[in-house]
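Student: Give me the fold of what follows.
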Amino acid sequence: MGTGSNTYQPPEWLTSDFLQDVLKEYFKDDTIQVQNMIVRSACEPGKVQGFASEIHRASFDLVRNSEPGKFSVIIKDHPKGYTGMIAQKSKLFHREILSYKEILPRIEELLATIGDNTKMSPACYYTTESPEPFLILEDMEVSGFKSFEKQRLLNLDYVLPTMEKIAKIHACSAVLAAKDPKMMKFFNEPPISRNPERKEFLGFFPVNIRCVAEEVAQWKGFEEITEKLFKLSENVLQESLKMYDTHAKGFQVFNICDLWINNLMFNLDDNFEPQDVILLDYQLAYFGSPATDINYFLFGSMNENVRKVHFKFIVREYHRHLKETLEKLNYGGQIPTLKDIHVEIIRNSLIGVIASTCLTPLILMESESCGNLENLTSRTDDGDKMRRENVQNIKYRAYLQKTLKEFELSGFLDV
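Tutor: As a prediction, this is how the structure comes out:
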């Protein structure tokens, strides 16, 4: 087995024989042989990804029935050190393994009953939680899927197919939960919770909002917004807890909860237009208001000019797919109206503020680093330096100036 690098070290357990056994079992094909395997890091240069995972790509010759071909898989491995500690305490891998093994297959099976063959996520070939958790997943690049361009936010053509899939996931999960409420029990904990085991992880939100406030404080005409941002940085966790506490009373769905550009892959046609999208990461999955995914995605990953023009149209399209899917599946509960969805978006607007101040700077960042969870969640020297560079980025400044004015006029910054 090779690595293609003088410094990179793959997991010791990742061997050709092990992958061969995994694929034989998954495909129910004893003729499979894995040969000439090369393992590399799957973290793309300049791409912010894998904050809570070590991600590898194993490429090899796959022989089936004596017919050779090229194949590859993605290995999502439990990280080491500080990041591993946070991942373990927050049960990120347990949550993702449950998603891939228990929730996503049932969603696709449910859609198939109404003649909808939508594929939501990569196939999961293998998972384990002992001695340390990891997942072996389908490499979507084999099917022609690619990540979005670096340092850019999504336009309408990319947002609409993503929202359609999110609507279908939400609809199917509501149906599944109505039939078996216990299925979603583990996902009742929101990303910001009172769980003391999440203490280190939660530092991500106040430190990033404060950094944005310090930058905005230097802008003429943003004095009131600056004051509100500093106040929000001190109260974001408490306000988030109050917001999430309201979710148990309303329409609840399975949220990806980390829905942003770097957790999406797109299949493009010959004209480079998106034809399909795959949703990748479920480490923060949460059963709550659908506005969780909607706000995080539309305010964190969508171009601000597109949002200004098309926001209501996008939400209407989301609702159309949600309603159609629920009706086809004979959902017995009350289907939210379009107005209900807009009310939920406003009630949970803090999620949009968090996405625009904590997430969007990472999308537009110019650094070539893959990122470091300790720097993201605490006031380290490297972390502060990275945050300052991110918020001083010309692209992010242009985005933030428009978005903060929008938040201010809507009352989203008032706490």
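Student: Now do the strands in this structure.
Tutor: For the chain, applying DSSP state E gives strands covering 33-41, 54-64, 67-77, 124-128, 134-138, 145-146, 253-255, 264-268, 274-279, 286-288.
Student: among those strands, which is the most enclosed?
Tutor: Ranked by mean neighbour count, the strands of the chain are led by strand 253-255 with a mean of 28 (mean count of other C-beta atoms under 10 Å). Every C-beta, even on glycine, is put in place using the N, C-alpha and C of the backbone.
Student: coming back round to it: so which of the strands of the chain comes closest to Thr360?
Tutor: Minimum separation from Thr360 across these (C-beta to C-beta) falls at strand 264-268, 14.8 Å.
Student: so how far is that closest one off the chain centroid?
Tutor: Its chain's C-alpha centre and that of strand 264-268 lie 14 Å apart, by C-alpha atoms, centre = their mean, to the nearest Å.
Student: Next: stretch 125-133.
Tutor: Distance of stretch 125-133 from the chain centroid (C-alpha atoms, centre = their mean) equals 21 Å.
Student: just to revisit the earlier point, want to throw the strands of the chain into CSV with distance to Gly333 and mean pLDDT?
Tutor: Shown next, in CSV, are the strands of the chain (distance: least, C-beta to C-beta, whole Å; pLDDT from 0 to 100):
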stretch, distance to Gly333, mean pLDDT
strand 33-41, 45, 95
strand 54-64, 38, 95
strand 67-77, 34, 95
strand 124-128, 29, 97
strand 134-138, 32, 97
strand 145-146, 34, 96
strand 253-255, 11, 98
strand 264-268, 29, 96
strand 274-279, 24, 96
strand 286-288, 14, 98
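Student: which one of those lies closest to Met85?
Tutor: For Met85, the closest of the strands of the chain is strand 54-64, at 14.0 Å, according to C-beta to C-beta.
Student: circling back: can you list the strands of the chain in a markdown table and add distance to Arg210?
Tutor: Listed next are these as a markdown table, based on distance: least, C-beta to C-beta, whole Å:
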| stretch | distance to Arg210 |
| --- | --- |
| strand 33-41 | 32 |
| strand 54-64 | 29 |
| strand 67-77 | 31 |
| strand 124-128 | 37 |
| strand 134-138 | 34 |
| strand 145-146 | 35 |
| strand 253-255 | 26 |
| strand 264-268 | 28 |
| strand 274-279 | 31 |
| strand 286-288 | 25 |
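Student: So for Ala398, which of these sits nearest?
Tutor: Closest among the strands of the chain, using C-beta to C-beta: strand 264-268, at 22.7 Å.
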